[in-house]
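# Predicted model follows, preceded by the sequence.
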Amino acid sequence: MTGFILKKCAKGRALTSLEVKTEVGKVSSLIGIILNALLGCAKVALGVIFGLISVIADGLNNLSDCGACIVSFVGFKLAAKPADREHPFGHGKTEYIASMIVSILILVVAAELIKSSAEEIFEPQPSVFSVITVIILAVSMLVKTAMFVFNLRLAKAVDSVALKATAADSITDALATCVVLAGIICLRFTGAFIDGYLGLAVAVLIAVEGIKLFRDTMSKLLGQTADTKTVQTIKERLLSYDGVLGVHDLTVHFYGENNIYATAHIEVDANVSALVSHEITDKIERDFAQEYKISLVTHLDPVVLDDPETLDAKAAAEKVVRAINPDFTLHDFRLVRHAPLDRVIFDVSVPFGDYDLAEIKDKILKELTSLDLPYSYIVTVEHCID
């Protein structure tokens, strides 16, 4: 079935293209809406009839998943809208907003279930064992496991983080249903009534998923940095070009899962003509657009390689910076001839952490001044953003 859906959605296009991901996401959402609605309604009905709060909780979990699939469907559809005058970076972040709404709905459901389960624990209500309930729960486990496999295969085929999250949610639901089923079987054979506790356990699982989704989505909306692997891949690719001596100040911006913008400072030999260096950056930007679907903007930083005085001044500055902290790095170094005193200008990158940038700058300037070299210094200290 997975292969059939991928073939129908692709229609000769690359599986990782935005169009194919959107179509696959919409199909997955529609299937999720139908299956979760059926499972949810059946469980809630059975839970009410036989007085089983844990079954009601499991059913409401499925119905919240149904709502999540509806929001995801709308999110996939809106995220695929092209850029326009008001939204020049596209509408990809609609997917994040949709996820945020889903996470809030999930947390509301979890809160209500925790309340109902607590009431059941302190004031148990009569409940009845039912074979049909066992059958429905067993079928639900199989369906949710199948949805896990289905969405995971789709996610790997089209490289979709959203579908991977859907797959993870499906297997969590299967485990939650397994817990509820075990409790009902326990009731049948031992008479132990733990329905309220099981309902509470399912509610906590739902709450954990809701909190995780909320945190992940909020982080993306706030401007979460790219993962280490993506950053390393971009750096290695940039350094593979002839004429590129170094890369720094790399930033990656996500405007939706498939809408990536990046900027980078690229170091080139100062003796190479501006036209040649410009041609290098043009090729880099074209290649990244074609190979990675990343809109990359590069900034040229000329590096002096053949002036002894510049190299000596740079070596002195690097020694000072590394003595303060070996994790600090120096870049954009220039020696500018300027009467009456030559200027040394450079930037220092500091990892994010408990660092006082102003204090670091003062310390660097103090150490450089103590060297008694014939220069004035202009130093910029900033956090590493790559």
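Ah, there it is.

# hey, let's count contacts and neighbours off CA atoms from now on
Noted.

# pLDDT score for Ala57?
As summarised for this prediction, Ala57 has a pLDDT of 80.

# Tell me the spacing between it and Val27.
Taking Cα to Cα, to the nearest Å as the criterion, Ala57 is separated from Val27 by 27 Å.

# Same question for His331.
When distances are taken as Cα to Cα, His331 and Val27 turn out to be 49 Å apart.

# for the stretch 1-150 of the chain, what are the low-confidence residue spans?
Counting by pLDDT under 70, the stretch 1-150 of the chain shows low-confidence ranges at 1-2, 4-18, 79-80, 88, 90, 92, 124-128.

# Tell me which stretches of it form helices.
2-10, 18-50, 53-79, 94-122, 131-158 (DSSP state H, counting those that start in this stretch).

# quick check, His338 in a helix?
No: secondary structure assignment places His338 outside any helix; it is coil (DSSP: H, G, I helix; E, B strand; the rest coil).

# Ramachandran angles for it?
phi -160, psi 110 (degrees, to the nearest 10).

# burial of it, as a residue count?
In terms of burial, His338 registers 10 neighbours under the definition other Cα atoms under 10 Å.

# quick one, what contacts it?
By Cα atoms under 8 Å, 6 or more residues apart in numbering, no residues touch His338.

# could we number from 261 for the rest of this?
In the new count, where the first residue is 261, that last one comes out as His598.

# Run through who's touching stretch 631-638.
Residues from elsewhere that reach stretch 631-638, judged by Cα under 8 Å, 6+ apart: 601-606, 625.

# Now do it: distance to the chain's middle.
Computed by Cα atoms, centre = their mean, to the nearest Å, the separation of stretch 631-638 from the middle of its chain amounts to 45 Å.

# how long is it end to end?
Start-to-end, stretch 631-638 (Cα to Cα) is 15 Å.

# What residues of it count as buried?
Of the residues in stretch 631-638, those buried by neighbour count under the rule 16 or more other Cα atoms under 10 Å are 635-637.

# TSV for these, including pLDDT and secondary structure?
Rendered in TSV, the data for the buried residues of stretch 631-638 read as follows (pLDDT from 0 to 100; DSSP: H, G, I helix; E, B strand; the rest coil):
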residue	pLDDT	secondary structure
Tyr635	91	strand
Ser636	92	strand
Tyr637	93	strand
